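[1] any chance you could fold what I've pasted below:
(one chain, ligands or ions: 2)
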Amino acid sequence: MKLTVVGCAGSFPRSDSACSAYLVEAEGFHLLLDMGNGALGALQQHVGLYDLDALFISHLHGDHCFDACTYVVARRYAPGGPLPTLPLHAPAGTLARFARAYEINPGGSRLDEIYDERVLTPKSFEIGPFQVRVERTNHPVETYGVRLEHGGRVLAYSADSAPTDALVSLARDADVFLCEATWSSTVTNSPNLHVTGAEAGEHATRAGAERLLLTHLMAWSDPGRTLEEATSTFDGKVVVVASGDSYDV
Ligand SMILES: [Zn+2]
Ligand SMILES: [Zn+2]
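    Numbers count the residues shown, from 1 in each chain. Ligands and ions are numbered 1, 2, ... in the order given. Model prediction:
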């Protein structure tokens, strides 16, 4: 598997990064994990506008899904005619939510002409060449972390989450654990929203993950400090990702 960080900014875009979007490729199949605001532009640096094969939306916070609304225009009005529906793996109610965000005209075209909605529940299934398992994470809205397996390799993505055993389960013996590290330990943080760098490291250690990639840092976080926190609780390889980075998994 190849993982490309399309966007990694936490909660709102930065000048140097879109919000969450991660492109995973194997056997020529292109799966996008999340499509936050700003992601659609950055995505085209890595894959053709119409070369996505499936989209996975972890939850309906704007920084993880808003560009899937504007992408509707690109597919519906493509110069060569409307594109076939794109498989969309997402929490229940996603298309209805997108329709409200898109502001469809009364009697206007339906979004199920654009997306083939496949509702997420905690389960195992396949997306293209990937074996997939999702679990609910600890976040105020219905949110799914995901474990992808292909060719004996494992990539786990936390989505947004506060501390939870679900992250340990998803990242069990993972080659790469892409984990949010939104908070800094130096301030008091709201409960049940996100993890710190230290907590991301703790989960990676409990899971026995090989490599930890930290993402979704807030704009005012100090990446060096977050990295230090994570290395204090995790002995493996750990980095703070940047937009445009790619990794062989
Ligand atoms: Zn987020
Ligand atoms: Zn969120």
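
[2] can we go C-alpha only for contacts and neighbour counts from here?
    Will do.

[3] tell me the helices and strands packed up against the helix-or-strand element of the chain with minimal mean pLDDT.
    Least confident helix or strand, the chain: helix 94-102 with a mean of 91, by mean pLDDT, DSSP states H and E. Secondary-structure packing of helix 94-102 (3 or more Cα pairs under 8 Å, 6 or more residues apart in numbering; DSSP states H and E): helix 67-76, strand 115-119.

[4] angle of it against helix 67-76?
    90 degrees (axes from the mean of the first three to the mean of the last three Cα atoms, to 10 degrees).

[5] what does helix 94-102 contact?
    With Cα atoms under 8 Å, 6 or more residues apart in numbering as the contact definition, helix 94-102 has outside contacts at 60, 66, 68-70, 110-112, 115, 117.

[6] could you rerun that using 10 Å?
    Outside helix 94-102, the residues that touch it by Cα atoms under 10 Å, 6 or more residues apart in numbering are 57, 59-60, 62, 65-73, 88, 103-105, 109-112, 114-119.

[7] in a markdown table: the helices and strands packed on helix 94-102, plus mean pLDDT, distance to residue 168 and mean neighbour count.
    Compiled in a markdown table, the helices and strands packed on helix 94-102 are given as follows (pLDDT from 0 to 100; distance: least, Cα to Cα, whole Å; neighbours: other Cα atoms under 10 Å):
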| stretch | mean pLDDT | distance to residue 168 | mean neighbour count |
| --- | --- | --- | --- |
| helix 67-76 | 95 | 29 | 18 |
| strand 115-119 | 97 | 23 | 17 |
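
[8] okay, the ones you listed in CSV with distance to residue 238 next?
    Shown next, in CSV, are those (distance: least, Cα to Cα, whole Å):
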stretch, distance to residue 238
helix 67-76, 29
strand 115-119, 33
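
[9] returning to that earlier point: convert the C-alpha atoms of the least confident helix or strand of the chain to PDB, please.
    Provided in PDB are the C-alpha atoms of helix 94-102 (Å, rounded to 0.1, in the frame of the first residue of the first chain):
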ATOM      1  CA  THR A  94     -24.300  11.200   5.000                       C
ATOM      2  CA  LEU A  95     -26.000  11.900   1.700                       C
ATOM      3  CA  ALA A  96     -28.800  13.800   3.400                       C
ATOM      4  CA  ARG A  97     -26.300  15.900   5.200                       C
ATOM      5  CA  PHE A  98     -24.300  16.500   1.900                       C
ATOM      6  CA  ALA A  99     -27.600  17.500   0.200                       C
ATOM      7  CA  ARG A 100     -28.100  20.200   2.900                       C
ATOM      8  CA  ALA A 101     -24.500  21.400   2.700                       C
ATOM      9  CA  TYR A 102     -24.700  21.400  -1.100                       C
END
